[in-house]
Structure formats: structure tokens, C-alpha cells
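Novice: Pasting the sequence and the predicted model now:
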Amino acid sequence: MLYLFFDIWQQFMQGFGIVICYAQGSQVLTILVSCILSLAFLNNASAVSLIVQAVVGVITTKKPKRKLDPQPTPINIVRKMTRKTVLGRQLVWTNYDHLPLAMLLENNGSTVILRICCESNMVPQLSGGELPDQYHLVEACFKWGELRAEHSIDSVQFSLEMQVLHRCYQDRVPFQHVSVSYLFLQMGGRNDPLTQITENLRCVAHPDSKIELPAFDLASLMNPFGSSFYSYTGTYDNGVQVVPTMWLINTHIFPISSEQLSQFGALCGRDGNRIKCNARQEQPLGNRSVHFNFI
């Protein structure tokens, strides 16, 4: 089963990440790890590329808390206080309309996470706008609650938020991560694209449970947009990892039915209780700025 592969891969990467952390403090270990990677590269360059990217992801998520404190998330976006920014070009969404090789849905005890498996040259990428480089899709997680999700606009609260994490594998960029936010408001009608997630939530009702989903193109769920979005610096938190990120918040509000929302609220956390709300508390903006980006 595919989930066994994901489990083995995750355990391997966690162990390898620990080795890398130790290697950073030891010149001998650093040389040894470098030699192993070099030998592996000669045998299978593409596989090593994926391994190195994953290892870098493990290392960079272990950010010191002091670097995260000045830019907490979520915030309330006050539209009249945003800075207007004219984009030189629209955002570019690449490979979002292609079917992945496999898709995995997981309940990690704090939220539900969607990950994909695809060929290295078909990884969904986000670029354009004011982004300094290409940002590769990592995962998507969901935040929900009967009264609020996470981000709000002019103090209007939403029912569900889908947060899509991307990462740039270039070193010389001002920010390594970009998170795209989609806001959902409980309305009468069902959100058909979202059923690709909600109809399978019962299979991951308990923490650490996983299911392989029938593959679908991500563009049907992660609606691509080119401009008219908010941006600010904050943090992405999937319940296990917290990373600093540039937020891109879609201004289009999507519907979600009460039945679909209740399917998220039926998931159980590590304490055995249902996760009625997993949204973080609203944080002050401080000296940061929120931009409204348009063409």
C-alpha cells in the first residue's frame, strides 16, 4: 500500500535529518555524509535530488522560536489599511492541472494534511507576481471551527481555511516558504471540488490514520489566481511544524455546506476528543504591513 511507502519514507527522512543536524556540528560527519551523497548521486541522480530536497525541508523547519515570534499568524486584515501594490506580472501556476501519481490524506492529530507524489519534473510550482523564484508545492492543511477559521477580513470570520505550503529550494531568496490561503464560508450549497476531501475524511477519523485518494488535478481544488490577493509575512503551522512564510491570501470567498464543515469537526485529535476547532488565536499585526496586490 502507498501509505506504507509514505511511512517508511517519513521515518527515513526523520532519521536522516537527525544525522544531518549532528553533521553540522562535526567536520568528520559532514565529510562522511557528503561522501555518501556523492556515491549515491553517481548511481541515481534524480533520487538523490529528491532526498536532498526533503532533508533541506526537515532542517529548515527547525527554526528557532525567536525568529518566529515577531511575525505571528493569523491576523485580521483591515482592507482600508492595506498597502496597494501594482504587480509587474500575474502569479503563474505550473503543473496544477496535471494528475499526480498518488495523493495521500492524513490526520496528524491536529489537522488533516493533503500530500502528493509525482515525477520530479511535474511537481506543482508557483511563480510570478513579486515572488523571487519558483516555489514547489509541499502540502496543504486545513483549519476550521464553527465560529472561526484563522484569517479574518474586516473582522469577518470564516468557517474553513485551506492553507497550501510551498517551498523554494534556492538559498538566496528573501523567504523560503510561501503559503496560499483559501477562505470558506458556511453557506447553503455544497462545495463540489471540496467533496474530493470531505467524502474521505471518515477514513482518517483517528489520529495517525492515512488514506490514498483517487488522483485529481489540484487546480480543481486550489483555484489558481493571478492577482487581487493580500500578502504579509507570518507563520505556517500544521500542528507539528512551524515555519516562517509569506502569506498570499485569495480574496475570493468559497462556499462550504454545514454538512461538509461537520465532517471536518468529526475528526479526532490525540486526546481522543473531536477537533471542533483547530484555528490559532488572532495575533496583532505589529509593525508589519499587509499588501493588496493587483494588476
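Specialist: Arrived safely.
Novice: Let me see the ranges of the helices in the stretch 51-200 of the chain.
Specialist: 65-68, 195-198 (DSSP state H, counting those that start in this stretch).
Novice: and the last one, C-alpha only, in PDB?
Specialist: It stands for helix 195-198. Coordinates of each C-alpha in helix 195-198 appear next as PDB, following Å, rounded to 0.1, in the frame of the first residue of the first chain:
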ATOM      1  CA  THR A 195     -16.000  16.800  -1.700                       C
ATOM      2  CA  GLN A 196     -12.800  15.200  -3.000                       C
ATOM      3  CA  ILE A 197     -11.600  15.800   0.500                       C
ATOM      4  CA  THR A 198     -14.700  15.800   2.700                       C
END
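Novice: what sits against R79?
Specialist: By CB atoms under 8 Å, 6 or more residues apart in numbering, the contact set of R79 is 153-154, 292. C-betas here are computed from N, CA, C, even on glycine.
Novice: Nearest to C141 among those?
Specialist: Nearest to C141 among the contacts of R79, counting by CB to CB, is I153 at 20.1 Å.
Novice: got a pLDDT number for the residue lying closest to that closest one once chain neighbours are set aside?
Specialist: Once flanking residues are discounted, I153 sits nearest to I77: 4.8 Å by CB to CB, 6 or more residues apart in numbering. Note on I77: pLDDT of 98.
Novice: Equivalent analysis for the one 10 residues further on, please.
Specialist: Here the pLDDT value assigned to L87 is 98.
Novice: Equivalent analysis for the one 10 residues further on, please.
Specialist: Looking at D97, its pLDDT is 97.
Novice: Same check on N44?
Specialist: So N44 comes in at 42 (pLDDT).
Novice: G145 contacts N278, doesn't it?
Specialist: Yes: counting by CB atoms under 8 Å, G145 touches N278, with 7.3 Å between them.
Novice: where exactly do the strands run in the stretch 151-295 of the chain?
Specialist: 152-153, 160-167, 177-186, 210-213, 229-237, 242-256, 291-294 (DSSP state E, counting those that start in this stretch).
Novice: Then the stretch 1-150 of the chain?
Specialist: Taking DSSP E, counting those that start in this stretch, the strands of the stretch 1-150 of the chain run over residues 76-77, 83-86, 91-94, 102-107, 112-117, 125-128, 135-144.
Novice: Among the ones you listed, single out whichever gets nearest to Y182.
Specialist: strand 135-144 (9.1 Å).
Novice: Just the CA coordinates for that closest one, please, in PDB.
Specialist: This file holds the C-alpha atoms of strand 135-144, laid out as PDB (Å, rounded to 0.1, in the frame of the first residue of the first chain):
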ATOM      1  CA  TYR A 135       8.100  27.700  -5.200                       C
ATOM      2  CA  HIS A 136       7.300  24.000  -5.100                       C
ATOM      3  CA  LEU A 137       4.200  22.500  -3.500                       C
ATOM      4  CA  VAL A 138       4.800  20.800  -0.200                       C
ATOM      5  CA  GLU A 139       1.400  20.100   1.300                       C
ATOM      6  CA  ALA A 140      -2.000  21.500   2.200                       C
ATOM      7  CA  CYS A 141      -3.600  21.600   5.600                       C
ATOM      8  CA  PHE A 142      -7.000  22.700   6.900                       C
ATOM      9  CA  LYS A 143      -8.100  24.900   9.800                       C
ATOM     10  CA  TRP A 144     -11.700  25.100  10.900                       C
END
